[in-house]
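A.B. asks: coordinates for the following, if possible.
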Amino acid sequence: MVNEPDEEESDYNVKNKTYNLPTKWEDGWERKAILVTLYICGWYTTSIFLSMYNKWLLSPNYHGFGYPLFVTGWHMIVQTVLSWLVLGCCLSNYRPKHAPSIWLFFTRVIPCGMATGIDIGLSATSLTQISVSFYTMVKSSAPVFVLMFAILFGLERPSTNLILSVLVIVIGVALMVSDGSGTTSFNWIGFAEVQSATIASGFRWALTQILLSRVDMGMNNPLATTVILAPVMALSLLTACAIIEGFGVVFASPFFSTASSALTTLGIITGGGFIAFALTMVEYLLITTTSVLTFSVAGIVKEIITISISTAVFGDTFTPMNVVGLVISLVGILGYNVLRISAATSTSRNGDEEQDFYKRVQDDEEDADEIEVEDEVEGYYVLKEIARRNSRQHDDK
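C.D. replies: Numbers count the residues shown, from 1 in each chain. The predicted structure follows:
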């Protein structure tokens, strides 16, 4: 039995006997390109500012608050509270429409939240050991792990050209993080932390796209996703903080020695939580607009900009080998974008052909009774129209 579709959501208008044809602007690549550009600009701004903020806050050479797990855990608490407030006071229509089942919560939500916590926690921890430039160079290898998990989860179709473009990026990243002439310091502990965070990032974003695509998870928008995932992230990070850093050690530090210093410290950390909340919103908007791999490659450009700003602000140094690596990475990014643009052009062409098909169907609507309709929804409306006509003929008799 065919369930009656909502006439407002259907392409076919029974009353007017016409098709509501999608316009090129509504479904074309132009609108998507503008949205993606805006999201990327917002992502770059919040992410770069947050990286500089974390380096200043955590590094012993600057503010020196050496408790990154506490900071990131507090940020997750701030994000949880902000998402609750926004959903409760302003955007109630963005509340989760469904709640994940217990099975999905333990097999999807918790792993994603824990992977996110590992990514964020280790990323912040590594900044106490390494420079922002070295950090961003290592994180540039994210497309490798994103591609690996995306293929594993069936989110991307592997192709030779796609793999080659990612390999070019990997070669560039390898040259960027190489010791070169020795002017770029290498810290094995910091490297291990940021590399582990990068692997967790690939798993995190591949699994996030799965969560966003499932209606029964209730994560159909960034706020709904945050209100479900942020508490899991906070619990993961604060548990790690209690084990590794110790709450007693944190609150016994000079940063909490007086009421004034405690309020100042919490105010600074809370401000970072607001930035992290804005960053999370833009990240989720971007990943729902484009693919997880495109998101990661766009991050390469962001990280190159971050390196440039870090060089100007913190005085990070480069070797000639690092510069060569940057150029090779840009070539890999360019090759990847060419592949994606070609795919988008092909999709747009197919969309135009589909629109022409609907126009031909509309022109032939008077002969619809003679057409064998294979599509179930269209067949339903044809049968409904036949029944209406038969009922009218019966009433006339």
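
A.B. asks: tell me the contacts of Ile306?
C.D. replies: For the record, residue 306 is Thr, not Ile. For Thr306, the contacting residues are 47-48, 51, 132-133, 136, by Cβ atoms under 8 Å, 6 or more residues apart in numbering. For every residue, glycine as well, the C-beta is placed using N, CA and C.

A.B. asks: what's the answer for Phe247, then?
C.D. replies: With contact taken as Cβ under 8 Å, 6+ apart, Phe247 is in contact with 70, 241.

A.B. asks: switch to 10 Å and redo it
C.D. replies: Counting by Cβ atoms under 10 Å, 6 or more residues apart in numbering, Phe247 makes contact with 67, 70, 238, 241.

A.B. asks: burial of the first one, as a residue count?
C.D. replies: When you say that, I think you mean Tyr67. The tally of other residues near Tyr67 (other Cβ atoms under 10 Å) stands at 25.

A.B. asks: cool, and the last one?
C.D. replies: The number of residues packed around Cys241, counting by other Cβ under 10 Å, is 22.

A.B. asks: got it, and the second one?
C.D. replies: Each residue near Phe70 was counted by other Cβ under 10 Å, and the total is 25.

A.B. asks: that one should be in a helix, yeah?
C.D. replies: Yes - per DSSP: H, G, I helix; E, B strand; the rest coil, Phe70 lies within a helix segment.

A.B. asks: so for it, what's the pLDDT?
C.D. replies: For Phe70, the pLDDT comes out at 94.

A.B. asks: OK, contacts around it?
C.D. replies: 124, 237-238, 240-242, 244-247, 249-251, 253, 269.

A.B. asks: go again with 8 Å.
C.D. replies: Phe70 touches 238, 241, 245, 247, 250, counting by Cβ under 8 Å, 6+ apart.

A.B. asks: show me the residues around the first one that make contact.
C.D. replies: If a contact means Cβ under 8 Å, 6+ apart, then Leu238 has 69-70, 73, 76 as its contacts.

A.B. asks: which residues touch Phe255?
C.D. replies: 65, 261-262, 265.

A.B. asks: just want the most central residue of this protein.
C.D. replies: Central residue of the chain (Cα atoms, centre = their mean): Ile287, 3.6 Å from the mean position.

A.B. asks: tell me how far it lies from Leu207.
C.D. replies: Distance, Ile287 to Leu207, by Cβ to Cβ, to the nearest Å: 11 Å.

A.B. asks: Thr136: which element?
C.D. replies: Thr136 is located in helix 132-139, with elements delineated by DSSP states H and E.

A.B. asks: tell me the helix or strand right after that helix.
C.D. replies: Helix 132-139 is succeeded, C-terminally, by helix 142-152 (DSSP H and E).

A.B. asks: so how far is Val194 from the closest residue to Pro111 other than its chain neighbours?
C.D. replies: Spatial nearest neighbour of Pro111, excluding adjacent residues (Cβ to Cβ, 6 or more residues apart in numbering): Leu207 at 6.5 Å. Per Cβ to Cβ, Leu207 is found 20 Å from Val194.

A.B. asks: if you count what's nearby, which of those two comes out ahead?
C.D. replies: Val194 (25 against 21).

A.B. asks: which ones are touching that one?
C.D. replies: Residues near Val194 by Cβ under 8 Å, 6+ apart: 122-123, 126, 130, 134-135, 138-139.
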